[in-house]
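# Dropping the sequence and predicted coords here.
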Amino acid sequence: MSFSHKAQLASGGSDFLRATPGREGDLWMCLESNGLNHSTDSGATFTKVGLINSCGTVGLGKAAPDASYPTLYMWGAVGTTRGLMRSVDQGVSWDRVNDDAHQYGGMLGRFVTGDMNTYGTVYMSSNGRGIAYGKIDPAGDVTVVPQVHAVPPKAAECKYVVTNTWGYGGMAEVRITNKGTSAINGWTVNWTYGDNSTVGNYWAAKVAGSAPTYTATNSEVWNSDIHPNQTASFGFVFGQSTENPGPVPVVTGDICK
């Protein structure tokens, strides 16, 4: 087996490539701010779909009753409307599936796919909240169904580890080790400084908050899922008001023992 270079696309989001079931060479590519691109020649050429200002992820599901092409689902923005979108005409027109009260972490979930057996049913991974799905009711309206939610067991050992220090601050990591027997799919942890320390730059997670309390949520595909006996970590720079180190904070969260 060998592979050859087919086409050159704009950078960004190029790992979100979807093949249309039952149609050889039919591909959809999300390119974030460069929109949604479509190929019908196995990737030799791509055409940008109009009206789409951003595309985070794309998937396909069963065709509508009066359509011959699978239904497209996309998390992105069509004009000024952003959300989970559905198209039954290969991207010519779009309807929004979700509403502002049902975002489920948006693009942080990373995946969306339609049901190939039931038209109108769409599944969306969320940001540590299980799997959300939507379906069309008999009247033809979209019904947003509460997400399939699995409460993670408190099976993780969560530690705050100082990895480097200097005058008025340093670097630290939070390490989450799965001590349970099943995978942890998504996580959120918290910690509070006893000396009012602050967090500056951070990586491998999304950190929010202000001194003394901070919250971190998984934001990377490669460390969102933690299998038994494996460890996920993220890091950050912290600052403090004196050169004397404060107490090491305790890390808490739904998954932490």
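Perfect, I can see it now.

# what sits against the residue nearest to L51 when sequence neighbours are not counted?
Among residues not flanking L51 along the chain, V78 sits closest, at 5.3 Å (CB to CB, 6 or more residues apart in numbering). (Each C-beta comes from the backbone N, C-alpha and C, glycine too.) Taking CB atoms under 8 Å, 6 or more residues apart in numbering, we find V78 in contact with L51, I52, N53, M85, W94.

# List just the nearest of these to G186.
G186 lies nearest to M85 out of these, by CB to CB, at 23.3 Å.

# Tell me the strands beside whichever strand or helix holds that closest one, with direction?
Here M85, judged by DSSP states H and E, is contained in strand 81-87. As defined by DSSP bridges, the strand partners of strand 81-87 come to strand 71-78 (antiparallel), strand 95-96 (antiparallel).

# tell me the most buried of these?
Highest mean neighbour count among the strands paired with strand 81-87 (mean count of other CB atoms under 10 Å): strand 71-78, with a mean of 25.

# ok so, going back, in strands, which of the contacts of V78 fall?
Among those, the ones falling in strands (DSSP state E) are I52, N53, M85.

# And the strands in the stretch 1-150 of the chain, which stretches?
16-19, 27-30, 36-39, 47-48, 52-61, 71-78, 81-87, 95-96, 112-114, 122-125, 131-136, 142-148 (DSSP state E, counting those that start in this stretch).

# now the stretch 151-257 of the chain
Going by DSSP E, counting those that start in this stretch, the stretch 151-257 of the chain shows strands at 156-166, 169-178, 184-185, 188-192, 198-203, 206-210, 213-217, 225-226, 231-239, 251-252.

# any chance of the ones you listed in CSV, with mean pLDDT and mean neighbour count too?
As requested, these are exported to CSV (pLDDT from 0 to 100; neighbours: other CB atoms under 10 Å):
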stretch, mean pLDDT, mean neighbour count
strand 156-166, 96, 14
strand 169-178, 96, 20
strand 184-185, 84, 22
strand 188-192, 95, 19
strand 198-203, 96, 15
strand 206-210, 94, 14
strand 213-217, 95, 18
strand 225-226, 90, 19
strand 231-239, 97, 18
strand 251-252, 96, 16
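
# closest one to T118 among those?
By CB to CB (comparing all of those), the closest turns out to be strand 184-185, at 24.1 Å.

# Give me the distance between the closest one and the centre of its chain.
13 Å (CA atoms, centre = their mean, to the nearest Å).

# same question, stretch 68-82
The answer for stretch 68-82 is 17 Å, by CA atoms, centre = their mean.

# pLDDT (mean, whole number) over that stretch?
The predicted model gives stretch 68-82 an average pLDDT of 89.

# export it as PDB, just CAs?
These are the backbone C-alpha positions of stretch 68-82, laid out as PDB (Å, rounded to 0.1, in the frame of the first residue of the first chain):
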ATOM      1  CA  SER A  68     -30.600  11.000  -2.300                       C
ATOM      2  CA  TYR A  69     -27.400  12.400  -0.600                       C
ATOM      3  CA  PRO A  70     -26.600  11.800   3.100                       C
ATOM      4  CA  THR A  71     -27.400  14.500   5.600                       C
ATOM      5  CA  LEU A  72     -24.500  16.800   6.600                       C
ATOM      6  CA  TYR A  73     -24.000  17.800  10.200                       C
ATOM      7  CA  MET A  74     -21.500  20.500  11.200                       C
ATOM      8  CA  TRP A  75     -20.400  22.500  14.200                       C
ATOM      9  CA  GLY A  76     -19.600  25.800  12.800                       C
ATOM     10  CA  ALA A  77     -20.900  29.200  11.700                       C
ATOM     11  CA  VAL A  78     -23.100  29.900   8.700                       C
ATOM     12  CA  GLY A  79     -23.200  33.600   8.200                       C
ATOM     13  CA  THR A  80     -23.700  35.000  11.700                       C
ATOM     14  CA  THR A  81     -25.400  31.800  13.100                       C
ATOM     15  CA  ARG A  82     -23.100  29.500  15.000                       C
END
